[in-house]
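Chemist: coords please:
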Amino acid sequence: MATNIKRELSVELDLEEFTLDFSLFLEFVKYGHVDRYILTVEEKPGIDPITGVQTKDIVISNDPEITGRIFLPKMDETGDDTGDPKSKKGLQLFVHFHGGSFCTGSAFSPITKEFLTHFVYRAQVVAITVNFRLAPEYPLPIAYNDCWAAFKWIASHTNGNGSEPWLNDYVDFNRVFVGGESSGANLAHDVAIRASVEPIGDGLKLVGLLAIQPYFATREITRLIQYLYPSSRELNNEPKLNLNIDPRLCKLACDKVLICVAENDKFKERGLTYYYSLKSRTFDG
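Modeler: The predicted model follows:
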């Protein structure tokens, strides 16, 4: 999938003249085009025939354009002796941010749909996955701001009068979790931090954070991140990427964090670093 990007990503390099190849993810091609290699296929919403989980696409914001997909577990056909449908009001909410190194993937990809469909079916929760804007067309920290805007939009439903009826009708906002995989876990972490230091209104309680193979920079800004986050030139001055310099680290809005690390993942040290960084900052969860 190719998109057009007409801007200079760094002071050293004009993409009108050069081609940059970041294998596995994308390629900056001459004359301002971006070719993505992976996670470009999208699936339509609907009802999963095996689990009965329903999905529909939602508009979170028109300006800026932020969309998403919401997942609802199958409703019981009958409830009590009256024969009325059993109410699912009071379900936990899982707010998900997809991985893809901030530059590929989407809320509508087959891998995201499959993961959240089974997650919602087994956990019996409502889930929302946020389709934030991707770098380099929208350089970081735009994705962070989109995810925070989406979380605040979700919080606007706590009085039962929000724009999305599935949130109004089925969610217990005292039991909200955020999470994601890889760079999505990084975005979820940032939301959990901001929820403790920026106002989101009353009525929403963030209970926990799920970080699956979380991405954080460990030693230096990589060449890819350099071009996705052009305003961040050094690891020592970017707390969103470098946990060790983030003064907000001990201020997570939740007191539960589950960190999942794959044994054979060559980047597993990032997940371990995240764990030890939280413990060293007197995080009590």
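Chemist: Tell me who's in contact with the spatially most central residue of the chain.
Modeler: Against the mean C-alpha coordinate of the chain, by CA atoms, centre = their mean, the closest residue is residue 97 at 1.5 Å. By CB atoms under 8 Å, 6 or more residues apart in numbering, the contact set of residue 97 is 129-130, 132, 147, 178-180, 184-185, 187-188, 191. Where C-beta positions appear, they are placed from N, C-alpha and C, glycine not excepted.
Chemist: ok, it to residue 145 distance?
Modeler: Distance of residue 97 to residue 145, given as CB to CB, to the nearest Å: 13 Å.
Chemist: After the helix or strand containing residue 258, which helix or strand is next?
Modeler: Per DSSP states H and E, residue 258 falls inside strand 256-260. Next helix or strand after strand 256-260 toward the C-terminus (DSSP H and E): helix 268-280.
Chemist: Show me the contact partners of that following helix.
Modeler: If you take CB under 8 Å, 6+ apart as the criterion, helix 268-280 is touched by 189, 211, 213-216, 218, 243-244, 249, 252, 257, 259-262, 265, 285.
Chemist: Check the offset of stretch 135-146 from the chain's centre.
Modeler: Put simply, stretch 135-146 sits 12 Å off its chain's centre (CA atoms, centre = their mean, to the nearest Å).
Chemist: nope, stretch 131-142 is what I was after
Modeler: 12 Å.
Chemist: contacting residues around it?
Modeler: Against stretch 131-142 from outside (CB under 8 Å, 6+ apart): 3, 5, 9, 28, 34, 64-69, 97, 100, 102-108, 143, 146-147, 150, 187, 225, 227-232, 240.
Chemist: Pretty sure residue 173 is one of the things residue 89 touches, is it not?
Modeler: No. Using CB atoms under 8 Å, residue 89 is not in contact with residue 173, being 11.2 Å away.
Chemist: Quick one: the strands in the stretch 51-200 of the chain, in order.
Modeler: 54-61, 66-72, 91-97, 126-131, 171-181 (DSSP state E, counting those that start in this stretch).
Chemist: Can you convert these into JSON lines and add a column each for mean pLDDT and distance to residue 281?
Modeler: Listed next are those as JSON lines, based on pLDDT from 0 to 100; distance: least, CB to CB, whole Å:
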{"stretch": "strand 54-61", "mean pLDDT": "98", "distance to residue 281": "31"}
{"stretch": "strand 66-72", "mean pLDDT": "99", "distance to residue 281": "31"}
{"stretch": "strand 91-97", "mean pLDDT": "99", "distance to residue 281": "22"}
{"stretch": "strand 126-131", "mean pLDDT": "99", "distance to residue 281": "27"}
{"stretch": "strand 171-181", "mean pLDDT": "98", "distance to residue 281": "19"}
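Chemist: who wins for proximity to residue 198 among those?
Modeler: strand 171-181 (14.4 Å; CB to CB).
Chemist: Off-centre distance for the closest one?
Modeler: On CA atoms, centre = their mean, the centre of strand 171-181 falls 12 Å from that of its chain.
Chemist: Sheet partners, orientation included, of that strand?
Modeler: strand 91-97 (parallel), strand 206-212 (parallel) (DSSP bridges).
Chemist: quick one: which of the ones you listed is nearest residue 121?
Modeler: strand 91-97 (12.3 Å).
Chemist: the inter-axis angle of that closest one versus strand 126-131?
Modeler: Strand 91-97 and strand 126-131 are oriented at 20 degrees to each other (axes from the mean of the first three to the mean of the last three CA atoms, to 10 degrees).
Chemist: Show me the protein divided up by domain.
Modeler: 1-37, 42-280 (automatic domain parsing).
Chemist: in stretch 70-77, what counts as buried?
Modeler: Within stretch 70-77, the residues scored as buried using 16 or more other CB atoms under 10 Å are 70-73.
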